[in-house]
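Colleague: 3D, please:
(one chain, ligands or ions: 1)
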Amino acid sequence: MNREDLFKNIIGHAKEYGFIFQSSEIYDGLSAVYDYGQTGVELKRNIREYWWKSMVQMNENIVGIDAAIFMHPTTWKASGHVDAFNDPLIDNKDSKKRYRADVLIEDFVAKIEDKINKEVEKAAKRFGETFNAEMFVSTNPRVVEYKTKIDTIKKRFVTALETDNLADVKQLIIDLEIACPISGTRNWTDVRQFNLMFSTEMGSTAEGASTIYLRPETAQGIFVNFLNVQKTGRMKIPFGIAQAGKAFRNEIVARQFIFRMREFEQMEMQFFVRPGTQKEWFAHWKERRMKWHNSLGFPDTMYRFHEHAKLAHYADAAFDIEFDFPFGFKELEGIHSRTDFDLKSHEKFSGKKLQYFDPELNENYVPYVVETSIGLDRTFLAVLSASYKEEKLEDGSERVVLNIPDFLAPVKVAVFPLLNKDGLPEKAREIFDKLKIDHVVRYEEKDTIGKRYRRQDAIGTPFCITVDHDTLNDNQVTLRYRDTMKQERVSIDNLAKIVEDKVSLRKVLV
Ligand code: ATP
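Modeller: Just a heads-up that it's a prediction; the model follows:
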């Protein structure tokens, strides 16, 4: 199956099993806004909790907050979002489709990168064990030509954006002969800047009302609370503040399911450090965050770093962790060295000092900040797409199974009575009631056991427990494992421990 069809199946599956619904679907939906259903909400909650515990619980110098979505409007002046939180947009006059100019150019560059990778693969096959990829990439004339082309494009693009030369961004698209994927034509409008913040009015009367914004990132809630937390928590630098919460962006092109939404959730951590030490902390968090992703257990090859060509107005270094989504490698998390830009700017706009007295240096300074910023919804999509499997079984039948890491599974255990009589439901409910105190457990008595197994496989439940007539005599049940489909008889007294050992965060929290 090609990846496009696979992605369609994943989206269909997400709806069918209560992971994700389109927002206000009965009114034909709202573009790029989604709701999490009864199964999805549990998975999302588990991912958020795993991130929170890894950050806040496991690091004695990181604490959490939960700031409001609405903030004083000056916040967004100070952060630069009012003036600079723009995307360059361009329309194709024939298809009337709107694109981000930077994305059109990045996609073009990605195609050249693909060509380089293909050359490398071909050469690796040809030369076998003696192949030296590094040498090949720096000497093969065709690859060198591709690389020079990429460098030239990137340089011209970055210069055009930095000097606000939107005419040249358009010219670059024309020179590269980029065509609209829908109409196939190169009939483009001029490039315009578009601010991504949603605004609304606060206050009851027209005169008294002021324009406020829905936050486009959670980070600013942390910056404006920097001193509150530092003082009341008696935090010593280096220390971090973490937060998970909603953010809103009026994205120009909202496609690819929950990858790019207009309302989404971020999990961010701002780490405040002594000026001059940001490089080492940046390296530290880059590595730590990749480890976190790898701890989910998907192949390491599904993740890679990507260095930003054009840095945001506040950053002195930036890497993305990209994930191999069904539509290719795309950003999952950003790690940014934000310098002292935000705190300094808030000092300027608020007139309040946002400084730290460093007892070791015996001096005051505005700390530097290294930020890790991950999308919760994108992580959800990464977990869902990496764990989705369509399997052909030995007996010729098929099943869809989600090999979700056990500790993230929305439902941990399902309990079934084999038949709906003879005291089996009562026994099964007894087990259900015992386990539900610690875990999300489902109880099901409809349909054949086979069908019940399939339904649980489809939502990624690691364990199914079946109570049969023997159970009433020997106090044992059949425990069935999701991934291997193996079944074994175990004593009811051991169930809690078996489940706990498998789904506990203990093994992964490091
Ligand atoms: P992109 O380049 O894809 O627009 P970004 O670089 O603007 O993303 P950041 O501002 O670094 O994103 O935000 C941090 C994280 O928040 C991203 O890595 C991503 O996981 C998540 N995120 C950003 N925008 C969206 C969105 N529209 N929908 C879902 N998640 C998002």
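Colleague: can you verify Leu419 is assigned to a helix?
Modeller: No - counting by DSSP: H, G, I helix; E, B strand; the rest coil, Leu419 falls outside a helix, being coil.
Colleague: run through the neighbouring helices and strands of whichever strand or helix holds His13.
Modeller: Using DSSP states H and E, His13 sits within helix 3-16. If contacts are counted by 3 or more C-beta pairs under 8 Å, 6 or more residues apart in numbering; DSSP states H and E, helix 3-16 sits against strand 20-22, helix 376-387, strand 388-392. Where you see a C-beta, it was placed from the backbone N, CA and C, and this is true even at glycine.
Colleague: so what's Asn475 up against?
Modeller: When contacts are counted by C-beta atoms under 8 Å, 6 or more residues apart in numbering, Asn475 touches 491-493.
Colleague: how about the residue of the stretch 401-510 of the chain found nearest the ligand: what's its closest non-neighbour residue?
Modeller: In the stretch 401-510 of the chain, no residue comes nearer to the ligand than Leu408, which is 17.1 Å away by C-beta to the nearest ligand atom. Spatial nearest neighbour of Leu408, excluding adjacent residues (C-beta to C-beta, 6 or more residues apart in numbering): Asn46 at 4.6 Å.
Colleague: next: Arg378.
Modeller: Using C-beta to C-beta, 6+ apart, the nearest residue to Arg378 is Leu332, at 5.2 Å.
Colleague: just checking, the one you found touches His293?
Modeller: Yes - in this structure, Leu332 is within contact of His293 by C-beta atoms under 8 Å, at 7.5 Å.
Colleague: anything in contact with each of these two?
Modeller: Jointly contacting Leu332 and His293 under the rule C-beta under 8 Å, 6+ apart are 303, 321, 323.
Colleague: ok, what's across the strand from the first one?
Modeller: The one in question is Tyr303. Per DSSP bridges, the residues bridged to Tyr303 are Phe323.
Colleague: give me the neighbour count for it.
Modeller: 20 (other C-beta atoms under 10 Å).
Colleague: what about it, distance to Ala110?
Modeller: Tyr303 sits 17 Å away from Ala110, going by C-beta to C-beta, to the nearest Å.
Colleague: same deal with the last one?
Modeller: When distances are taken as C-beta to C-beta, Phe323 and Ala110 turn out to be 15 Å apart.
Colleague: same check, this time on the second one
Modeller: Taken as C-beta to C-beta, the spacing of Ile321 relative to Ala110 amounts to 17 Å.
Colleague: between these two, which is the more surrounded one?
Modeller: With neighbours defined as other C-beta under 10 Å, Ile321 and Ala110 compare such that Ile321 has more, 20 against 13.
Colleague: contact partners for that one?
Modeller: By C-beta under 8 Å, 6+ apart, the neighbours of Ile321 are 289-290, 293, 303-306, 331-335.
Colleague: just the buried ones from those, in PyMOL syntax?
Modeller: Filtering the contacts of Ile321 down to the buried ones (16 or more other C-beta atoms under 10 Å) takes a single PyMOL command:
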select buried, resi 289+290+293+303+331+332+333+334+335
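Colleague: which members of the contacts of Ile321 occur in helices, if any?
Modeller: 289-290, 293 (DSSP state H).
Colleague: out of those, who's nearest Met202?
Modeller: Distances from Met202 to the ones in helices among the contacts of Ile321, taken as C-beta to C-beta, are shortest for Arg289 (35.6 Å).
Colleague: what's near enough to touch the closest one?
Modeller: Per C-beta under 8 Å, 6+ apart, neighbours of Arg289: 321, 333, 335, 372, 374.
Colleague: who's the second one bridged to?
Modeller: Per DSSP bridges, residues listed as beta-bridge partners of Glu333: Ile321, Ile374.
Colleague: wait, Leu161 sits on Pro88?
Modeller: Yes - between Leu161 and Pro88 there is a contact under C-beta under 8 Å: 7.2 Å.
Colleague: please enumerate the shared neighbours of those two.
Modeller: Residues touching both Leu161 and Pro88 (C-beta under 8 Å, 6+ apart) are 102, 169.
Colleague: so the two - more neighbours on which side?
Modeller: Pro88 (23 against 20).
Colleague: how many neighbours does the residue of the stretch 351-500 of the chain found nearest the ligand have?
Modeller: Closest to the ligand within the stretch 351-500 of the chain is Gly375: 2.3 Å, counting by C-beta to the nearest ligand atom. Neighbour count of Gly375, defined by other C-beta under 10 Å: 23.
Colleague: that one touches Phe325, doesn't it?
Modeller: No - using C-beta under 8 Å, Gly375 is not in contact with Phe325; the gap is 11.7 Å.
Colleague: how about the spatially closest residue to Phe7 that is not a sequence neighbour, phi and psi?
Modeller: Once flanking residues are discounted, Phe7 sits nearest to Pro326: 3.8 Å by C-beta to C-beta, 6+ apart. Dihedral pair for Pro326: phi -60, psi -20, per degrees, to the nearest 10.
Colleague: need the contact list for the closest residue to Asp168 other than its chain neighbours.
Modeller: Take Asp168 and drop its neighbours on the chain: the residue closest to it by C-beta to C-beta, 6+ apart is Ala160, 4.1 Å away. Contact analysis of Ala160 by C-beta under 8 Å, 6+ apart lists 166, 168-169, 172.
Colleague: in JSON lines: those residues, plus neighbour count.
Modeller: Output for those, formatted as JSON lines (neighbours: other C-beta atoms under 10 Å):
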{"residue": "Leu166", "neighbour count": "18"}
{"residue": "Asp168", "neighbour count": "17"}
{"residue": "Val169", "neighbour count": "21"}
{"residue": "Leu172", "neighbour count": "20"}
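Colleague: among those residues, name the ones in helices.
Modeller: 166, 168-169, 172.
Colleague: closest one to Glu394 out of the residues you listed, please.
Modeller: For the ones in helices among the contacts of Ala160, the nearest to Glu394 is Leu172 (55.1 Å; C-beta to C-beta).
Colleague: in helices, which of the contacts of Asn475 appear?
Modeller: 492-493.
Colleague: reformat the contacts of Asn475 as CSV; add distance to Met135 and neighbour count.
Modeller: As requested, the contacts of Asn475 are exported to CSV (distance: C-beta to C-beta, whole Å; neighbours: other C-beta atoms under 10 Å):
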residue, distance to Met135, neighbour count
Ser491, 61, 11
Ile492, 63, 17
Asp493, 62, 9
